[in-house]
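*Asks:* okay, predicted coordinates and the sequence, questions at the end:
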Amino acid sequence: MMFCQECQKRPATVHVTRIVNNVKTELHLCQECAKHHEGLAFSFNFEPNFSIHKFLAGLLGGSPLEMAPLQSPGCPNCGLSLARFGEIGRFGCSRCYQAFGDGLEPLLRRLQGASRHAGKVPRRVGGKLGVRREIEKLREELQQAIRQEAYERAAELRDRIRSLEQGLE
Amino acid sequence: MSIENALKNPYTKWMEGKGPYASIVISSRVRLARNLVDYPFPHVQNRDAGKKVAFLVRDAVLDPRFRQQVGGVDFVFLNELSPLDRMVLVEKHLISPQHAAEEGPERGLALSDDEAVSIMVNEEDHLRIQVLFPALQLEEAWELASGVDDALESRLEYAFDERYGYLTCCPTNVGTGLRASVMVHLPAVAMTNQANRLFTALSKLGFVVRGLYGEGTEARGNLFQVSNQITLGPSEEEIIGNLASVCRQIIEQEEMAREKLRKDALTQLEDMVFRSYGILSNAYIISSEEAMVHLSNVRLGLDMGLLRNVNIRKLNELLVEIRPAFLQKLAGEEIDAFKRDFKRAEIIRSALA
Ligand SMILES: [Zn+2]
Ligand SMILES: [Zn+2]
């Protein structure tokens, strides 16, 4: 017989298995503890609260190697430090993403399997994003024009880039 | 208005019992996590910042133009509701247990008149837009959620990054912020011991399956929730499409297992279904666990045509009606476990009569 991993007193009769990215976590509880376990009794349709942050904190803070690419004094907006992020596995505000720098990218890739958003873009951002992508494209054309010594075309491109950039500000 | 109704009436949109594969898929849910730029996330926010966020959202959803775009919406601060009322909303799946547990004037809920759309304010993220539809209707749910998202976005400034998408409190939600899930009833898969194999396969495909297991007994009501794990990388349409196609595979497995049961063990199956029906229509005291087991059997009997005079919508309503908070709401007072078991049996008997 298996005992409840929370109270260690009663037999474990509720067994929860969670599989995330092929890592299996198991929870064995008695009826009593399961009742008090956050989110378990009513868990349909909602993510369980019980382990995801601890699990994540383990992933982030568990090995110094994982944290190594992250070099940041912390977030200037909310004050969250890198060490604290490793402990709680949650950001303090949306600025944290920028504050933690490029080291965040491999971490997200590890967690999500990718690090680049390919979905919906808010309309408000959508316009600007489109312009920025246009500018990137024109810059490439400009480089090509210069390489081909097509200076008239290059000047044209440079002016268009400038006016687009002014529009962004 | 709508929130008052939601608290009185067990019925909510997802219980309709109609729609594609309604006999196996109980509900489809789409949830979008969104945050306002620069405000600290709820777990570190102070009360004033939290209230500011809540007021911004409230003004946005009560804006007459928002009503035009999305339909009637009601807004309430959770501290205006009793703990019991908040639990009722949890039992109806309109808010999360975490949201219900937190006190304070900064937690809010916006609910559409038909209860299909609920927007949690200051849960883990500033906004959790949720759409719950009956049966397998993931695409429809996504379209509605995305429309609500657009209507909110035209009034609120979201935290968004070109590279990482919608910025969320937890890195497991970043990107699309989209969690799509289906609640499925898989008694035959569970009975034929295929559940573990199926769930392992699903996890390899990037889906999470959750269910509650009682050792020696069947899973609690044989109800499982399947949802996407990855939120960054694939587009919303890909996530929804993948889950829908995986869901169709699960349905096929369950249908095959049901046919196998019909072929190999019809008598035992009938015995099980009618015993459960007998217990539910005659018991005077019944625990939630026992009720869930028998309700699952009756549902299976109904789906397989063994039982006829039971209404699927009524069965869905019972999933909520027999829960502790709702029972107490019906009783009009706090009642102990024994009285709940008595009341539960009474409600089930009259539902099946
Ligand atoms: Zn225990
Ligand atoms: Zn921050």
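*Replies:* Here it is on my side, so go on. Residues are numbered from 1 along each chain as shown, chains lettered A, B, ... in the order given. Ligands and ions are numbered 1, 2, ... in the order given.

*Asks:* show me the domain layout of the chain.
*Replies:* Defaulting to chain A. A:1-45, A:52-112, A:123-167 (the TED database).

*Asks:* ah, no, chain B please
*Replies:* According to the TED database, the domains of chain B span B:1-252, B:256-352.

*Asks:* tell me how far A:Arg158 lies from A:Val131.
*Replies:* Here A:Arg158 is placed at a distance of 16 Å from A:Val131 (Cβ to Cβ, to the nearest Å). For glycine as for every other residue, the C-beta is placed from the backbone atoms N, C-alpha and C.

*Asks:* what's the answer for B:Arg262, then?
*Replies:* In terms of Cβ to Cβ, B:Arg262 sits 61 Å off from A:Val131.

*Asks:* and for A:Gly103?
*Replies:* 29 Å.

*Asks:* just to revisit the earlier point, by mean pLDDT, show me the worst of the domains of chain A.
*Replies:* Mean pLDDT is lowest for domain A:1-45 among the domains of chain A, at a mean of 61.

*Asks:* residue ranges for the strands of chain B, please.
*Replies:* Secondary structure of chain B, counting by DSSP state E: strands at B:25-34, B:73-77, B:108-112, B:117-121, B:127-134, B:160-161, B:165-166, B:178-185, B:207-210, B:213-214, B:223-228.

*Asks:* scratch that, chain A is what I was asking about
*Replies:* Going by DSSP E, chain A shows strands at A:14-20, A:23-29.

*Asks:* tell me, how many residues neighbour A:Tyr151?
*Replies:* 10 (other Cβ atoms under 10 Å in any protein chain shown).

*Asks:* gap between it and ligand 1?
*Replies:* 79 Å (Cβ to the ion, to the nearest Å).

*Asks:* list the residues that contact that residue.
*Replies:* By Cβ atoms under 8 Å, 6 or more residues apart in numbering or on different chains, the contact list for A:Tyr151 reads A:Ala145.

*Asks:* so what's the residue count around B:Lys260?
*Replies:* B:Lys260: 14 neighbours (other Cβ under 10 Å).

*Asks:* that one touches B:Met191, doesn't it?
*Replies:* No. B:Lys260 lies out of contact with B:Met191 (Cβ atoms under 8 Å); the separation is 9.6 Å.

*Asks:* biggest helix in the chain, by residue count?
*Replies:* In the absence of a named chain, this looks at chain A. helix A:123-147 (DSSP state H).

*Asks:* try again with chain B
*Replies:* As assigned by DSSP H, the longest helix anywhere in chain B is helix B:236-282.

*Asks:* so for it, mean pLDDT?
*Replies:* 95.

*Asks:* repeat that for stretch B:187-199.
*Replies:* When pLDDT is averaged along stretch B:187-199, the result is 85.

*Asks:* in it, which residues are buried?
*Replies:* B:187-192, B:194-195, B:198-199 (16 or more other Cβ atoms under 10 Å in any protein chain shown).

*Asks:* stretch B:152-170 too?
*Replies:* B:152-153, B:156, B:158-160, B:164-170.

*Asks:* again, but for stretch B:330-339
*Replies:* Neighbour count says stretch B:330-339 has B:330, B:335 buried, by 16+ other Cβ under 10 Å.

*Asks:* next one: stretch B:50-70
*Replies:* B:50-51, B:53-54, B:56-58, B:60-61, B:63, B:66, B:70.

*Asks:* pull the residues that contact it.
*Replies:* B:36, B:39, B:42, B:45, B:73, B:75, B:77, B:104-108, B:110, B:112, B:117, B:119, B:121-122, B:126-127, B:147-148, B:150-152, B:155-156.
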